[in-house]
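[1] Fold the stuff below for me.
(chains A, B, C and D)
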There are 2 protein chains.
Amino acid sequence: MTIKVAIVEDVQEIRESFVSLINRARGVRCIVSYGTAEEALRGLSDVHVDVVLMDIELPGMSGIDCVRALKVKQPALECMMLTMFENEERVFQSLAAGASGYIVKRAASGKLIEAIKELHGGGSPMSPQIARQIVTAFRQPFSFPTAANSLTKREEEILSLLSKGYRYQEIADALFISVETVRTHIHRMYEKLHVRSRSEAIIKTLQHQ
Amino acid sequence: MTIKVAIVEDVQEIRESFVSLINRARGVRCIVSYGTAEEALRGLSDVHVDVVLMDIELPGMSGIDCVRALKVKQPALECMMLTMFENEERVFQSLAAGASGYIVKRAASGKLIEAIKELHGGGSPMSPQIARQIVTAFRQPFSFPTAANSLTKREEEILSLLSKGYRYQEIADALFISVETVRTHIHRMYEKLHVRSRSEAIIKTLQHQ
DNA sequence: GTATCAATCACACGAACGTTGTATTTTGGA
DNA sequence: TCCAAAATACAACGTTCGTGTGATTGATAC
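    Okay, the predicted model is just below:
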């Protein structure tokens, strides 16, 4: 059974070279391609594909947000990010958004077909460097105080109030600091925890004790 | 040791009658009284009291919101609501806001001093009718399908998505209904669960499995 | 002795959320 | 068959949140 693939990539030349690369191989077929996240969202609600190759840097809506939106409607859709750089934040954002694979473009040509097949087979193709970043991050955030994502005392304190449903103003009042400071702390916590909202922070906190 | 009491009540006559009632008794002393929630909030950050008697129906900020604000700053402060009616919603809102006692005004004169002492001693003075409402509500919401606060199928479904951090629009897309409908369902769920935000709903959901 | 980090504060903007109120359609029992 | 509950939908409004960007101060590390 041929794996049906879609590509979302804004630069026409790159897009076309990937399409032809895929269509020269056996077992995979690129049936549609889009230049923007918005087009992909519209198009992919009508066309069925198994795998989406998604550029991260897109004009308008980012590839990460596009994946997030696609996965809500089609949880079974497998998404692989195509990117120029191995940016740690981007990796986590992509995984959190629902992507399962993450490869850099320059490495793509040789490994792309293999990666698509791995992805479709339930794997998560990515470079060892990226894999290592993930393994490190998932090694309990709280048990290694020296880990890059460890929270400061103040942040822990605020997280605990945040997880009880306190509003920013209430946290500020309780700690005798300004709302803006609360905002700053929370913003940084979110980066460290790889979450994007209070809800996700609460979920992460409650599920890790 | 005399229990120091504050009263928040907008009607001057009632307020004064409570003050003198308290000050004629032994072991308790009303040291301040306020006509609005706002005054109480300002005043009670300077004056130390053990117990606050709080009217619910106040002009401007409600007594419930006042309690919520007070408890953030002074978690040890004991609050008892004074009210005209035994309204179920009000009871829960008050308890959720941090009040520990809840008595109706007409019953107050005879029982007030006793109630203040119970409250200060770690008890939760309230009428048997109110106590029953609470007991009923806390009898696992999910194990009695006939309970007044049981969620409908659709609501459960939406709660589950809500607890995963989905946005309203994403929930709407996933269930093929409009955002407005999602809004309506969530609003009703909040009433049934006695919560006021997504965060509290998540906390309640995750902590009851 | 100068980077780096933690903690603080500020402000503007748009997105997401919660409230209130109204109204229609569907559906499952009595 | 008729009613009540459930599900659906719309709208307008104010509040709360999250993001982006920038800045200052004190402590610690190198």
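[2] Okay, and the beta partners of residue A:32?
    Taking DSSP bridges as the rule, residue A:32 bridges to residue A:6.
[3] Count the neighbours of it for me.
    For residue A:32, the count of nearby residues is 18 (other Cβ atoms under 10 Å in any protein chain shown). Using the backbone N, CA and C atoms, a C-beta is placed for each residue, glycine as well.
[4] For it, give its distance to chain B.
    Between residue A:32 and chain B the computed distance is 20 Å (Cβ to the nearest Cβ, to the nearest Å).
[5] For that residue, give me its contacts.
    Contacts for residue A:32 (Cβ atoms under 8 Å, 6 or more residues apart in numbering or on different chains) come out as A:6-7, A:43-44, A:47, A:49.
[6] Now, of the residues you listed, which are buried?
    Listed as buried from those are A:6-7, A:44, A:49; burial here means 16 or more other Cβ atoms under 10 Å in any protein chain shown.
[7] tell me the domain boundaries of chain A?
    A:3-137, A:144-208 (automatic domain parsing).
[8] so which pair among the buried ones among the contacts of residue A:32 is furthest apart in space?
    The most widely separated members of those are A:7 and A:44, with 11.2 Å between them, by Cβ to Cβ.
[9] shared neighbours of these two, which are they?
    With Cβ under 8 Å, 6+ apart as the test, residue A:7 and residue A:44 both reach A:32, A:52.
[10] is stretch A:42-55 anywhere near chain B?
    No: if you take Cβ under 8 Å from any Cβ of the partner chain as the test, stretch A:42-55 misses chain B, and the best it gets is 9.4 Å.
[11] mean confidence for that stretch?
    Stretch A:42-55 shows an average pLDDT of 88 in the prediction.
[12] Which positions within that stretch qualify as buried?
    Neighbour-count burial for stretch A:42-55 flags A:44, A:49-55 (criterion: 16+ other Cβ under 10 Å).
[13] Run the chain-centre distance for that stretch.
    17 Å (Cα atoms, centre = their mean, to the nearest Å).
[14] Next, the distance between the ends of it.
    This stretch, stretch A:42-55, spans 17 Å end to end (Cα to Cα, to the nearest Å).
[15] Confirm that residue A:170 lies within a helix, as I assumed.
    Yes: assessed with DSSP: H, G, I helix; E, B strand; the rest coil, residue A:170 lies in a helix.
[16] Tell me who's in contact with the closest residue to it other than its chain neighbours.
    What sits nearest to residue A:170 in space, not counting adjacent residues and going by Cβ to Cβ, 6 or more residues apart in numbering or on different chains, is residue B:72, at 4.8 Å. By Cβ under 8 Å, 6+ apart, residue B:72 lies in contact with A:166, A:170, A:173-174.
[17] one more time with 10 Å
    Counting by Cβ atoms under 10 Å, 6 or more residues apart in numbering or on different chains, residue B:72 touches A:161, A:166-167, A:169-174, B:98.
[18] Touching, residue A:111 and residue A:119? I think so.
    No: look at residue A:111 against residue A:119 with Cβ atoms under 10 Å: they stay out of range, at 11.5 Å.
[19] Which neighbours do the two have in common?
    A:103, A:125.
[20] before we move on, which element is the residue positioned nearest the centre of chain A in?
    Nearest to the geometric centre of chain A sits residue A:94, at 0.9 Å (Cα atoms, centre = their mean). Applying DSSP states H and E as the criterion places residue A:94 in helix A:88-97.
[21] Starting from that helix, tell me the next helix or strand along the chain.
    Tracing the chain past helix A:88-97, the next element assigned as helix or strand by DSSP H and E is strand A:101-104.
[22] on contacts alone, who are the packing partners of that next one?
    In terms of contacts (3 or more Cβ pairs under 10 Å, 6 or more residues apart in numbering or on different chains; DSSP states H and E), strand A:101-104 is packed against strand A:51-55, strand A:78-83, helix A:88-97, helix A:105-120, helix A:128-138.
[23] Give me the buried stretch members for stretch A:187-199, please.
    Those would be A:189, A:192-195, A:198-199, for stretch A:187-199 by 16+ other Cβ under 10 Å.
[24] any idea which of those is the one closest to residue B:66?
    Nearest to residue B:66, judged by Cβ to Cβ, of those is residue A:198 at 24.2 Å.
[25] List the contacts of that closest one.
    A:162-163, A:165-168, A:186, A:190, B:165, B:197-199, B:202.
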